[in-house]
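>>> what's the 3D shape of this:
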Amino acid sequence: MLELAILGFLRDGPLHGYDLRKRLAALTGHIRPIADGTLYPLLKRMEAAGLLSRELQPGRAAAPRHMLSLTEAGATLLRDRLREPGELFITDENRWFTVLAFLRHLDDPAAQAAVLRRRLHFLTQPASFFWDGDRPLRAADFDDIFRQGLFTIATATTRAELTWLRQALATLEQTS
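Have a look, this model is predicted:
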């Protein structure tokens, strides 16, 4: 997820490490804060793999800044990952939001729609946080206000996303 977000942000434009870290934290920081010990070694591995390049530029104050840019190989990998996101990127809400944040970089409306259809299919399958055998439990099955709250919030969120997905698919199908 972190690598996909890095590729996406650098596709938006060159950034230095500090700005990239701030953007990553804004997108994914609520899930898990990104430590320097995680980010900077990953950036070095991505650079060694030819996915990004680094250029030393004069800083605003005194110290030079390392500007990171996406290479063509990095842009190709981003498009490939957006075109065929792994199953967890469809089923896990946090990973899905990362895909959604950069899906615009997949220039083909039909390919974008295919990704949205996968999410739509996932959301329309029977689901629950709790089950009684094969029967999914709902908010009304609990006397516990906290579990009722969990279901109420999740149901409202899913309904809103389903509405948006259907609207987005209709828009994409008009442009295809």
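
>>> Domains in the chain, by residue range?
1-83, 108-176 (automatic domain parsing).

>>> Out of these, which gets nearest to residue 92?
Closest to residue 92 of these, according to Cβ to Cβ: domain 1-83, at 8.5 Å. In this view, the C-beta of every residue, glycine as well, is placed from N, C-alpha and C.

>>> Check the separation of the first and last residues in the closest one.
15 Å (Cα to Cα, to the nearest Å).

>>> Same check on stretch 132-143?
For stretch 132-143, the end-to-end distance is 15 Å (Cα to Cα).

>>> Buried residues, that stretch. List them.
By 16 or more other Cβ atoms under 10 Å, the buried positions in stretch 132-143 come out as residue 139.

>>> what mean pLDDT does whatever helix or strand residue 19 lives in have?
Using DSSP states H and E, residue 19 maps to helix 17-28. Across helix 17-28, the average pLDDT comes to 88.

>>> Who are the packing partners of the host helix or strand of residue 172?
Residue 172 is part of helix 145-175 when elements are defined by DSSP H and E. When contacts are defined as 3 or more Cβ pairs under 8 Å, 6 or more residues apart in numbering; DSSP states H and E, helix 145-175 packs onto helix 109-123.

>>> The helix or strand immediately after the helix it packs on in the chain - which strands sit beside it in the sheet, and in what orientation?
Following helix 109-123 in sequence order, the next helix or strand is strand 131-132 (DSSP H and E). Within its sheet, strand 131-132 is paired with strand 135-136 (antiparallel), according to DSSP bridges.

>>> re the thing from before, need the domains of the chain in CSV with distance to residue 101, can you?
Converted to CSV, the domains of the chain look like this (distance: least, Cβ to Cβ, whole Å):
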stretch, distance to residue 101
domain 1-83, 6
domain 108-176, 13
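
>>> which one of these lies closest to residue 90?
Nearest to residue 90, of all the domains of the chain, is domain 108-176, at 5.0 Å by Cβ to Cβ.

>>> Could you list the low-pLDDT ranges of this protein?
Within the chain, the segments meeting pLDDT under 70 span 29-33, 59-60, 62, 176.
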